[in-house]
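>>> what follows is a protein structure lacking sequence information:
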């Protein structure tokens with residue numbers, strides 16, 4: 001991890017509430033420090049800040065281009081994402097921290113599998129501070145799972 005100092009900045013005067021990918025990466029690096037028992041790597045890739053949390057073969061990746069869109073994807077193909085066109089810088093920071101919590105809980109093995117509905121898919125649920133978070137498999141992966149591919 002780099003020695004970036006985390007500070008939210010705007011893209012320009014008219015876009016002051018937006019967070020850039022490098023700023024989000026700095027935030028991910030700050031959040032990753034608390035997870036010393038996990039393998040954590042951070043990077044900028046394809047215009048998005050990414051943090052990969054792993055333990056053994058189990059992993060989860062948090063990614064965001066900086067503002068307005070956040071996701072977690074796991075080694076099993078389960079994911080959750082949020083597009084929030086109205087989030088402020090502070091809300092974006094809280095959402096990013098929440099998605100790190102989701103990734104961390106998944107990697108630690110706190111996910112509870114549940115059979116999904118339709119197309120042979122599955123879901124896993126996590127309890128994050130008393131809030132239920134559901135991760136699902138994308139439709140394409142569900143269809144491939146039905147046909148054994």
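Ah, there it is. Keep in mind the model is a prediction, meaning the values are calculated, not measured. Residues are numbered from 1 along each chain as shown.
>>> surely residue 104 is within a helix?
Yes - under DSSP: H, G, I helix; E, B strand; the rest coil, residue 104 sits within a helix.
>>> ok, now which ones touch it?
35, 38, 53, 60 (Cβ atoms under 8 Å, 6 or more residues apart in numbering). Every residue, glycine included, has its C-beta placed from N, CA and C.
>>> go on, residue 21?
44, 47, 48, 49, 64, 65, 66.
>>> burial check on the first one, number of neighbours?
When you say that, I think you mean residue 44. Neighbours of residue 44 under the rule other Cβ atoms under 10 Å: 13.
>>> what bits of the chain have low per-residue confidence?
1-17, 114-121, 139-149 (pLDDT under 70).
>>> rewinding a little: weed out the non-buried ones from the contacts of residue 21.
Among the contacts of residue 21, the ones that count as buried by 16 or more other Cβ atoms under 10 Å are 48, 49, 64, 65, 66.
>>> in a markdown table: the contacts of residue 104, plus secondary structure, neighbour count and distance to residue 29.
Below are the contacts of residue 104 laid out as a markdown table (DSSP: H, G, I helix; E, B strand; the rest coil; neighbours: other Cβ atoms under 10 Å; distance: Cβ to Cβ, whole Å):
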| residue | secondary structure | neighbour count | distance to residue 29 |
| --- | --- | --- | --- |
| 35 | coil | 17 | 11 |
| 38 | coil | 18 | 14 |
| 53 | strand | 26 | 13 |
| 60 | strand | 28 | 17 |
